[in-house]
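whatever this is, show me its structure:
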Amino acid sequence: MADEPEIPAGEPVPAAVVPAAPPAAPPAAPPDAPIAPLPGFVGRVGLAILHPRWALAVGGDRRRAGGSGSDLLALITIVLVATQLRGLVYAGWIAISVNGGLGGRIAATVLTQALTIELGFLVVGAGLIYVAAGKRRELGRAFDLACVAALPLLFVDLAASVVTFAAGVEPTPALGWSLSGLAYAWTGVLLALAIGPARAATARRLAVPDAIARPGRRAGWLVLAVALVGVGVQVRYVTSNPDELRPLIDGGPAPAFELPTITAEGTLGAPLSLASLAGKPVVLDFWATWCGPCLASMPILDAFGKQHPEVAVVTINLDDPAAARKLFTTKGYTLQLVAGGDDISRRYNAVTIPHTVVIDRAGQVRKIGSALDMDLEDTIAALAK
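Predicted coordinates for the structure are as follows:
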């Protein structure tokens, strides 16, 4: 530009002409410099994505000791609402209409399945950082740094869950492993970077430049936007599919389902729905190949099914479709075999297995228990009266 001064060849470029880039690593502020406030929650979340060294430096700043734990807890709450709202709504419905204890157990199951990896990493990560910190090790700071390092696990879980649920698809095993690998690698990098702040002096005065903080805030708002989309998708599902979430009540309507059958090759085949069995008595049995009582009840169900072809006996395997089909082929069982999971188990209150539910021709639940303890002959005969 015409108004810029010309610089003679060979002369050093004045510092005023070349804008200073923000430091890649967090420096300590001069002792007499005014300290700007640290980034807020949204900014701190975004820093973990764009500038992990700065995120860890902020996490290890003793001005907000314990703050990283609060950030992690807040983000966990956001991710749970965005990805597990339907399960939590179902647990609340169970607690109100069936049994408070059962609803609490189902809610605990939802939370445990969603958070086991993150909480396990938090404990292990804090221990590794504490050991690696050397003479300056401090348990509280190690925990704060581990909380920052755990954030990528939540980021990947949030993005993957929202996208797949909104698209109405189940991630393939290969995609699931790939996403897990990405989350663990990303988290591992932050864990390694956390060793530096863990070894630093605890009295450090940190100043985050605006050139670092501003992009961090934008990234943080992007995370919250994805979470908001997830909440919207979950709310739409809950309000549009009340029958899918309606809890099992003895004497009430059986929850609707559509589950894949297990083919002769042990693969997933055409779906079987409860609606397709309308007009018939139905016996549903939830089981797994590792469950001894389940295996003991299977001959009882098979014999009953052969004696009563007018009754649809459907066995819902919860663990391994290929192993389930192999067992059926070896034993010569002719029962209908479908694959289920956590969702159908929750809706039918299958907290323990074997779990057997008898449904009448009108789709009403008439008996809940186990085939080992239930007299199916008397139960079905009572439906005809």
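
can you count the residues close to residue 185?
By other Cβ atoms under 10 Å, the residues close to residue 185 number 10. Glycine gets a C-beta too; all of them are placed from N, C-alpha and C.

that one belongs to a helix?
Yes - under DSSP: H, G, I helix; E, B strand; the rest coil, residue 185 falls within a helix.

which residue lies nearest the spatial centre of the protein?
Nearest residue to the geometric centre of the chain (Cα atoms, centre = their mean): residue 114, 3.6 Å.

leaving out sequence neighbours, find the closest residue to that one.
residue 84 (5.4 Å; Cβ to Cβ, 6 or more residues apart in numbering).

what number of residues lie near the one you found?
20.

and if you look at residue 141?
Counted with other Cβ under 10 Å, residues neighbouring residue 141 total 26.

what do you get for the one 5 residues further on?
In terms of burial, residue 146 registers 28 neighbours under the definition other Cβ under 10 Å.

same thing with residue 210?
10.

cool, residue 381 as well?
Neighbour tally, residue 381, other Cβ under 10 Å: 10.

name the SS class of it, please.
Classified using three-state DSSP, residue 381 is helix.

what's the residue nearest to the centre of the chain in contact with, if anything?
Residues in contact with residue 114 (Cβ atoms under 8 Å, 6 or more residues apart in numbering) are 79-80, 83-84.

could you do residue 46 as well?
39, 215-223.

adding pLDDT, write those out as CSV.
Below are these laid out as CSV (pLDDT from 0 to 100):
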residue, pLDDT
39, 83
215, 92
216, 92
217, 93
218, 95
219, 94
220, 94
221, 96
222, 96
223, 95
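
which one of those is nearest residue 139?
Nearest to residue 139, judged by Cβ to Cβ, of these is residue 39 at 24.6 Å.

which ones are touching the closest one?
46-47, 58, 208, 213, 216-217.

now with 10 Å?
Residue 39 makes contact with 45-47, 54-55, 58, 208, 212-214, 216-217, 220, according to Cβ atoms under 10 Å, 6 or more residues apart in numbering.

returning to what we had before: need the contacts of residue 114 in CSV with secondary structure and pLDDT, can you?
CSV is the format used below for the contacts of residue 114 (DSSP: H, G, I helix; E, B strand; the rest coil; pLDDT from 0 to 100):
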residue, secondary structure, pLDDT
79, helix, 93
80, helix, 92
83, helix, 91
84, helix, 89
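
the residue nearest to the centre of the chain falls within a helix, correct?
Yes - under three-state DSSP, residue 114 sits within a helix.

per-residue pLDDT, it?
Looking at residue 114, its pLDDT reads 80.

do residue 15 as well
On pLDDT, residue 15 comes in at 45.

also residue 22?
With respect to pLDDT, residue 22 has a value of 55.

quick one on the thing from earlier: tell me which of the contacts of residue 39 has the lowest pLDDT.
Per-residue pLDDT puts residue 208 lowest of the contacts of residue 39, at 80.

how close does that one get to residue 40?
11 Å (Cβ to Cβ, to the nearest Å).
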